[in-house]
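Undergrad: generate coordinates for the sequence data below:
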Amino acid sequence: MSIFKAYDIRGIYPDDLADELAEKIGTAAAHMLAGRTIVVGRDMRVSSPAIAAAVIRGLTRAGADVVDIGQVTSPMVTFAVAQFAYDGGVMVTASHNPARYAGMKLCRKGAEPVSYDSGIDEIERRVRDDDLPAAPAPGSVTPRDVLPEYLDHLAQAAEGIHDLKLVIDAGNGMAGMLMPRLFERIDAQVVPLYFELDGTFPNHDANPLKPENLADLQERVVDEGADLGIAFDGDGDRVAFVDESGQAVACDITTALIAREVLRTQAGAAIIYDLRSSRAVREEIEACGGVPVISRVGHSYVKRTMRDRDAAFGGELSGHYYFRENFYCDSGAFTLLRVLSLLCREAKPFSQLVAPLQRYHSSGEVNSEVADKDACIEDLARAYACGNAYRLDGLTVDFADWWFNVRPSNTEPVLRLVVEATTRERMETMRDTILARIRRPFAVRRILVPTDFSAFAAQALPYAAAMAEDTGAELHILHVLPTPEMIVQLEAMAPITDMAFIDDLETGAHEQLGKVVPDELRQRVHVVPAIRTGVAFLEIVRYAQEERIDLIVLTTHGRTGLRHALFGSVAEKVVRRALCPVLSIHPRGHEFALP
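TA: Take a look at the predicted model:
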């Protein structure tokens, strides 16, 4: 089912995710979590009260007791689970997605995240198979207000904050509930922007990563002469910053800045960053005596790595920031207080604090819709094989003055590209080059050259080799041997007295095949030699289908007939029968005339 994603459950309400399905998910979640007491919270979306009520019905049907903490931010659910030792939690939210979406985020005891491969897959299976047994007696529902304890918890992140003027854009999301209560305790003047809870998002989507959603905040920061601008997403777990001049600060740069602050008091600690982050992040961690640890993209992977390494802090390009003191979880509010503490301690404008970290030029994440994500990634791997590559998440390739990562979306036919370089010109050149390759309508990844070892057939090789070198494609060289039956049929023309000749044909073919492509060319192009036995044109066509060949390159006489019954007619039939494109080379000096 398409609503069961890598990190959460999400779909359009009620088309994909209706109340009845939400109740089934609640029952499945109770069995998956295998706990007695489950926390349920919800955001301000129009659909959230109905979805939350359905989830609670499903949980209690399976015998779980529910602690209903009401309308909260997502970090308040993980806080409640960890702080009060509950067995798990369900947050009803679709985070930053548009208003028509509904969804759920889940966690286990200790606020450990539930991803597809650690529990959502089981929920999907149970719902699909109707494996949803009810308990002999339903569980109970107990309301609880966790906000006072949560505010006490956040207070540990605030240190020496004073005399600041802030513009905060809640995007009509849950931060609009939390911020007024939080800043009753913090010495700062807050200019509120879109604090009214409204799940229709009348002003802009609650996604601070999109530049258009920051426009109002940027303008207001300048108009108010504020020290900092802050933008939250819909459920309050992500945050982005705008400096005093109205310039948006990339989230990976904020990661580097907070890492420096964390390492000031926790020397030698592990710091997690996702693989899309700027080189400046790793460099800053190392310069401050920390241990940089790279992670796959996604909150469940980062949280798992945080726990495995007992990391002090972690950050993602998406604006999720994780702290050991926050149960290894993310929180936009906790992050904000750490940044404000740093700003007051340094007593410098935010732009000056981040300027030394902004030494590289990044494309940001650029999306491209493609038909075959894996094939595109392999094509890029061949094209940039001279770089230092690794495959933690998609493909990352490092060069001296630039690098790129391309990774597949978990839910869409989309590739996500990030390019960073030492100069803007280099970044833009490589970004555009890679995007052109990803988005080209016809991608050549495997080229086939059939050969009968004649000089005539060999004239196709230079054309195919040049294309393979230019595109990074594999170069397949195929020779087709006749079957013994076909050879016997030729005895009238050339009698065969020794049947060992048939075995010798294959041995000789292997030797000749190794000589078709010069050694010098093999160093630049990945060559795949192959031998088949059968009718030549049929085996060429079959091989092209089985090996997913994108282009066949062969020589032809232009007009073929009896005088060129061997390779000429084979080429003609391949042109007619092949399912992939065929490039027909017509060498000079090989014109054909009827007798």
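Undergrad: now for residue 307, how many residues are close by?
TA: 17 (other C-beta atoms under 10 Å). For the C-beta atoms, the positions are set from N, CA and C on the backbone; glycine is no exception.
Undergrad: and for it, nearest residue in space, chain neighbours not counted?
TA: residue 328 (5.2 Å; C-beta to C-beta, 6 or more residues apart in numbering).
Undergrad: run a quick neighbour tally on that neighbour.
TA: Residue 328, neighbours per other C-beta under 10 Å, totals 28.
Undergrad: that one contacts residue 303, doesn't it?
TA: Yes. The criterion here is C-beta atoms under 8 Å, and residue 328 meets it with residue 303 at 5.6 Å.
Undergrad: where's the nearest residue to residue 295 once chain neighbours are set aside, which helix or strand?
TA: Of all residues not flanking residue 295 in the chain, residue 305 sits nearest, at 4.6 Å (C-beta to C-beta, 6+ apart). Assigned by DSSP states H and E, residue 305 belongs to helix 299-309.
Undergrad: I'd like the average pLDDT over that helix.
TA: For helix 299-309, mean pLDDT is 92.
Undergrad: list the helices and strands that helix packs on?
TA: With contacts taken as 3 or more C-beta pairs under 8 Å, 6 or more residues apart in numbering; DSSP states H and E, helix 299-309 sits against strand 270-274, strand 291-295, strand 313-315, strand 321-323, strand 329-330.
Undergrad: if you average pLDDT over the second one, what comes out?
TA: When pLDDT is averaged along strand 291-295, the result is 97.
Undergrad: now do that strand and strand 270-274, the angle between them.
TA: If you take axes from the mean of the first three to the mean of the last three C-alpha atoms, to 10 degrees, strand 291-295 sits at 30 degrees to strand 270-274.
Undergrad: strand 291-295 vs helix 299-309, what angle?
TA: Orientation note: strand 291-295 sits at an angle of 150 degrees relative to helix 299-309 (the same axes, to 10 degrees).
Undergrad: now strand 291-295 - C-alpha only, PDB.
TA: Listed next in PDB are the C-alpha coordinates belonging to strand 291-295 (Å, rounded to 0.1, in the frame of the first residue of the first chain):
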ATOM      1  CA  VAL A 291      34.300  12.600  15.800                       C
ATOM      2  CA  PRO A 292      32.300  13.100  12.600                       C
ATOM      3  CA  VAL A 293      29.900  10.200  11.700                       C
ATOM      4  CA  ILE A 294      28.100  10.200   8.400                       C
ATOM      5  CA  SER A 295      24.600   8.800   8.200                       C
END
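Undergrad: buried ones in the host helix or strand of residue 127?
TA: Residue 127 belongs to helix 120-129 when elements are defined using DSSP H and E. Residues 120, 122-124, 126-127 are the ones in helix 120-129 that count as buried (16 or more other C-beta atoms under 10 Å).
Undergrad: who touches the closest residue to residue 371 other than its chain neighbours in this structure?
TA: Excluding the flanking residues, the one nearest residue 371 by C-beta to C-beta, 6+ apart is residue 413, at 6.8 Å. By C-beta atoms under 8 Å, 6 or more residues apart in numbering, the residues touching residue 413 are 369-371, 373.
Undergrad: how about 10 Å then?
TA: The neighbourhood of residue 413, defined by C-beta atoms under 10 Å, 6 or more residues apart in numbering, consists of 368-373.
Undergrad: repeat for residue 348
TA: 342, 355.
Undergrad: tell me which element it falls in.
TA: Applying DSSP H and E, one finds residue 348 in no helix or strand.
Undergrad: ok, it to residue 175 distance?
TA: 26 Å (C-beta to C-beta, to the nearest Å).
Undergrad: domain parsing of the chain, as residue ranges.
TA: 9-144, 146-359, 364-439, 446-585 (automatic domain parsing).
Undergrad: next one: phi and psi at residue 145?
TA: Backbone torsions for residue 145, taken as degrees, to the nearest 10, come to phi -100, psi 110.
Undergrad: mind checking pLDDT for it?
TA: 98.
Undergrad: and residue 151, by the same measure?
TA: Confidence score, pLDDT, at residue 151: 98.
Undergrad: could I get the contacting residues of it?
TA: 178, 181-182, 184-185, 333.
Undergrad: I figured residue 403 hits residue 361, correct?
TA: No. Residue 403 lies out of contact with residue 361 (C-beta atoms under 10 Å); the separation is 11.8 Å.
Undergrad: now residue 522: how far from residue 388?
TA: With C-beta to C-beta as the criterion, residue 522 and residue 388 are 22 Å apart.
Undergrad: check which residues of stretch 528-548 are buried.
TA: 529, 532, 535-537, 539-541, 543-544.
Undergrad: show me which of the residues you listed is closest to residue 38.
TA: residue 544 (55.4 Å; C-beta to C-beta).
Undergrad: tell me the secondary structure at that closest one.
TA: Using DSSP: H, G, I helix; E, B strand; the rest coil, the structure places residue 544 in helix.
Undergrad: ok, residue 405 next?
TA: Criterion first, three-state DSSP; result for residue 405: strand.
Undergrad: cool, the one 10 residues further on as well?
TA: The three-state assignment at residue 415 reads strand, by three-state DSSP.
Undergrad: that one pairs with what?
TA: Per DSSP bridges, the residues bridged to residue 415 are residue 368, residue 408.
Undergrad: contacting residues for it?
TA: 366-370, 372-374, 376-377, 380, 394-395, 406-409, 434-435, 438-439.
Undergrad: quick check on those: which are buried?
TA: 368, 370, 373, 376-377, 380, 394-395, 406-408, 434-435, 438.
Undergrad: of the residues you listed, which belong to strands?
TA: 368, 395, 406-408 (DSSP state E).
Undergrad: can you give me the helices for the stretch 51-200 of the chain?
TA: In the stretch 51-200 of the chain, the segments counted as helices under DSSP state H, counting those that start in this stretch are 74-83, 120-129, 147-155, 175-182.
Undergrad: nearest to residue 248, out of those?
TA: Closest to residue 248 of the helices of the stretch 51-200 of the chain, according to C-beta to C-beta: helix 175-182, at 17.5 Å.
Undergrad: tell me the first helix or strand C-terminal of the worst-scoring helix or strand of the chain on mean pLDDT.
TA: Sorting the helices and strands of the chain by mean pLDDT, DSSP states H and E puts helix 484-489 at the bottom, at a mean of 64. The C-terminal neighbour of helix 484-489 among helices and strands, as given by DSSP H and E, is helix 500-516.
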